[in-house]
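[1] With the sequence up front, the predicted model follows.
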Amino acid sequence: MRRMMARATADEDESAIDITPMLDVVFIMLIFFIVTATFVKESGIDVNRPEAATAVMQVKANILIAIDADNEIWIDRRRIDVRAVRPNIERLHAENPQGSVVIQADKESKTETLISVMDASRSAGVFNVAIAAEAQ
């Protein structure tokens, strides 16, 4: 009787499927997709951009700055004081020196806030500054 139970247990062990290689392949594919994926950066708020007939899409825009209708400045879903714009741009530009700054200013925001953000980006060493607009 013990021999029959031992034989039945041995047969069950031999017929089990080893899924370790399949899990290895799945994890390698997951790592591949995470590394090669491009992530869309957003400023963190919804801005009503003005319309422009000559709007051109920026390809390497990696620093997005938003100015809402209340003249609050947003970078990476965080509200930033105007004095902290330059250090944030310097940090983001150090991560990707080839990128540019795109300012998404609301229609109702003041030009003074827009100019101060542009000055901060240029004083941080980024001279490729664009203002986002809706294409007509």
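    Thanks, I have the structure now. Numbers count the residues shown, from 1 in each chain.
[2] Need the contact partners of the helix or strand containing Arg91.
    Element membership of Arg91 [criterion: DSSP states H and E] is helix 85-95. For helix 85-95, the external contacting residues (CB atoms under 8 Å, 6 or more residues apart in numbering) are 62-63, 65, 73, 75, 80, 99, 101, 116-117, 120-121, 123-126. For every residue, glycine as well, the C-beta is placed using N, CA and C.
[3] Buried ones only from the residues you listed, please, as a PyMOL command.
    Of those, the buried ones go into a single PyMOL selection, burial set by 16 or more other CB atoms under 10 Å:
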select buried, resi 62+63+65+73+75+80+99+101+116+117+120+121+124+126
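[4] got the buried residues for whichever helix or strand comes after the helix holding Arg91?
    Sequence-wise, the next helix or strand downstream of helix 85-95 (DSSP H and E) is strand 100-105. Buried residues in strand 100-105, counted by 16+ other CB under 10 Å: Ser100, Val101, Val102, Ile103, Gln104, Ala105.
[5] from those, which is closest to Ala130?
    Val102 (5.0 Å; CB to CB).
[6] got the angle for the helix holding Arg91 vs strand 100-105?
    Angle, helix 85-95 to strand 100-105, by axes from the mean of the first three to the mean of the last three CA atoms, to 10 degrees: 140 degrees.
[7] Rounded mean pLDDT for helix 85-95, please.
    If you average the pLDDT over helix 85-95, you get 91.
[8] Centre of the chain to it, how far?
    What separates the centre of helix 85-95 from the centre of its chain is 15 Å, taken as CA atoms, centre = their mean, to the nearest Å.
[9] cool, and stretch 102-119?
    Counting by CA atoms, centre = their mean, stretch 102-119 comes out at 21 Å from the chain centroid.
[10] How many residues are close by Ala69?
    14 (other CB atoms under 10 Å).
[11] got it, and the one 3 residues further on?
    When neighbours are counted by other CB under 10 Å, Glu72 registers 16.
[12] export the helix or strand Ile34 falls within as PDB, just CAs?
    Using DSSP H and E, Ile34 maps to helix 20-36. Once non-C-alpha atoms are left out, helix 20-36 reads as follows in PDB (Å, rounded to 0.1, in the frame of the first residue of the first chain):
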ATOM      1  CA  THR A  20       9.700  29.400 -13.800                       C
ATOM      2  CA  PRO A  21      11.000  29.900 -17.300                       C
ATOM      3  CA  MET A  22       7.700  31.500 -18.400                       C
ATOM      4  CA  LEU A  23       7.800  33.900 -15.500                       C
ATOM      5  CA  ASP A  24      11.400  34.800 -16.300                       C
ATOM      6  CA  VAL A  25      10.300  35.700 -19.900                       C
ATOM      7  CA  VAL A  26       7.400  37.700 -18.700                       C
ATOM      8  CA  PHE A  27       9.500  39.700 -16.300                       C
ATOM      9  CA  ILE A  28      12.200  40.400 -18.900                       C
ATOM     10  CA  MET A  29       9.400  41.600 -21.300                       C
ATOM     11  CA  LEU A  30       8.000  43.800 -18.600                       C
ATOM     12  CA  ILE A  31      11.400  45.400 -17.900                       C
ATOM     13  CA  PHE A  32      11.900  45.900 -21.600                       C
ATOM     14  CA  PHE A  33       8.600  47.800 -22.000                       C
ATOM     15  CA  ILE A  34       9.200  49.900 -18.900                       C
ATOM     16  CA  VAL A  35      12.700  50.900 -20.200                       C
ATOM     17  CA  THR A  36      11.700  51.700 -23.700                       C
END
